[in-house]
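Enquirer: sequence and computational prediction follow.
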Amino acid sequence: MNINGKTELAGVIGYPIEHSKSPLIHNYWFEKYNINGVYVPFAVKPSDFDDVVKNLSKFGFKGVNVTVPHKIRAMELVDILSNEAKKIGAVNTIIVKNDGSLIGHNTDSFGFTQNIEQRCPNQISKGPAVLYGAGGAARAVCSALIDGNCPEIRLVNRTASNAGKLAEIMNCNKIKIVDWEYRSECIDDATLIVNSTSLGLDKSSDLPIELGKLNPKAVVVDIIYNDTKTKFLRRAAVRGNIVIDGLGMLLHQARPSFASWFGIDPEVTEELKELMFA
Ligand code: NDP
């Protein structure tokens, strides 16, 4: 890396930020595509976030990613919100335009869809999906399922009121809320099962779903990305089902950000996947 007066700037803003894998991804692409750029993690306290965002253009940033806890506040600071950001109710990408104005976008749904499409094209529209979880990530997944013409989305969450809120925000008649008590029964004819809860993030925890009724043709997805072999995925894989981990979603969601800042749609390569675990 040779930083000089022409180096293009991008980064990720969060608090804390040490855990972020985004610098690895974007700096890999700078090297791969021979772009004179650098992507830096910034630990910015909530009390400083507004000032930082308002001054991005003055420092010459092409844009930034935004992560916890700033994704919702960012919606109020940008000049234009993309439809995806509006639907998901959060911004994870800010694009700084030449005139200094800011566009807020969200790329998580794109990342989710691309990760599945790459492995199992058209799987989303094949049949009913079961979606576990109703937090921030579930919003992006639910939006992707709706956009991908999933015929029925069975939304299952421990706290029923949170499932209700998500269904209300999405406002789509394909969403059927299933009580947590019936979380194992509702999988029988589903062709897509998605864990978007945080169960499995801690290696000792597991999504408490019995897989006895799992359709052998169902594709099972866990969007957790720090472990590509969660207990839930391993239990499904043992049964012979196709399983997809969350690392691909993380890598694909970075593509539209990079493309909007630097004009190249970068590739998610096996080398990049390996780099994430190096
Ligand atoms: P949130 O905190 O917003 O939501 C957590 C969800 O998990 C809620 O639905 C919550 O249910 C459920 N949950 C938590 N603990 C339990 C439990 N003990 N039993 C049952 N349900 C539980 O988190 P996010 O939505 O932001 O993130 C969820 C996961 O998605 C994380 O593991 C995160 O790393 C991953 N993720 C992956 C991405 C990727 O690119 N691959 C992108 C973003 C997130 P309740 O409503 O009842 O509390």
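Expert: Here it is on my side, so go on.

Enquirer: only C-alpha atoms for contact and neighbour calcs from this point on.
Expert: Will do.

Enquirer: can you tell me how far Val220 is from the ligand?
Expert: In this view, Val220 and the ligand are 14 Å apart by C-alpha to the nearest ligand atom, to the nearest Å.

Enquirer: quick check, that residue in a strand?
Expert: Yes: the assignment for Val220 by DSSP: H, G, I helix; E, B strand; the rest coil puts it in a strand.

Enquirer: is it in a bridge, and if so with what?
Expert: Counting by DSSP bridges, Val220 is bridged to Ile193, Val243.

Enquirer: of all residues in the chain, which one is nearest the centre?
Expert: Central residue of the chain (C-alpha atoms, centre = their mean): Asp108, 3.4 Å from the mean position.

Enquirer: surely that one touches Gly248?
Expert: No: if you go by C-alpha atoms under 8 Å, Asp108 and Gly248 don't touch, sitting 11.1 Å apart.

Enquirer: is Phe258 in a helix, a strand, or coil?
Expert: Here Phe258 is recorded as helix under three-state DSSP.

Enquirer: what does this structure put close to the ligand?
Expert: 133-138, 157-159, 162, 196-199, 201, 223-225, 246-247, 249-250 (C-alpha under 6 Å from any ligand atom).

Enquirer: in strands only, show me the residues you listed.
Expert: Using DSSP state E, no member of the residues of the chain next to the ligand sits in strands.

Enquirer: ok, and the closest non-adjacent residue to the residue nearest to the centre of the chain?
Expert: Nearest residue to Asp108 in three dimensions, chain neighbours excluded: Gln253, at 5.3 Å (C-alpha to C-alpha, 6 or more residues apart in numbering).

Enquirer: okay, now the one you found: neighbour count?
Expert: Neighbours of Gln253 under the rule other C-alpha atoms under 10 Å: 22.
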